[in-house]
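Participant: Here's a sequence, model it:
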Amino acid sequence: MSDDAIDNAIASVLRVSPDWSADPVWDPTGMVDLDGLPITEALRSDLRGWAMTWEQLSGWSPVESPVADDGPAWQKWRRHGQHLANWLQRELGEGTRVEYWL
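Facilitator: Predicted coordinates for the structure are as follows:
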C-alpha cells in the first residue's frame, strides 16, 4: 500500500469485518493491509487472530460454511470484534471512523 493509499484509508471510514483469507479491515475500495496501518503489533495480531477464529467457527470452505449460530463461541467472538473495532478507533484517532460490520 502506498503512502497516499495509507493516508486516504486513514482519513476515511474503515470497517472491521471478517472475510476468507483476508485481513479484517476494509475501506471503500477493499481490504486494507494491516501492515500498512499505523497501529500496534498487539492490535494487528489480535485482529488477525479474530479473523482466523471466524474462519474456524465458520468452517474453512465458504461454500460449505454453516450459518453462524448464537452459541457461546459466536457470542464471545462478536464481543471481541466490537472490542477490536473500538481499539482500532482509539489507535487511529479522530481522522478515521471505524465501524463494526457483521
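
Participant: Please report how far the spatially most central residue of the chain lies from S17.
Facilitator: Among the residues of the chain, the one closest to the centroid is P24, at 2.9 Å (CA atoms, centre = their mean). P24 sits 6 Å away from S17, going by CB to CB, to the nearest Å. Quick note: C-beta positions are derived from backbone N, CA and C, even for glycine.

Participant: do the same with W54
Facilitator: Separation of W54 from S17 (CB to CB): 9 Å.

Participant: for the chain, what spans make up the strands?
Facilitator: 13-16, 25-27, 30-31, 97-100 (DSSP state E).

Participant: winner for burial among the ones you listed?
Facilitator: Greatest average neighbour count among the strands of the chain goes to strand 25-27 (a mean of 21), per mean count of other CB atoms under 10 Å.

Participant: Would you give the sheet partners of that strand, along with the direction of each?
Facilitator: In the sheet containing strand 25-27, its partner strands are strand 13-16 (antiparallel), strand 30-31 (antiparallel), by DSSP bridges.

Participant: Right, I'll call it a day here.
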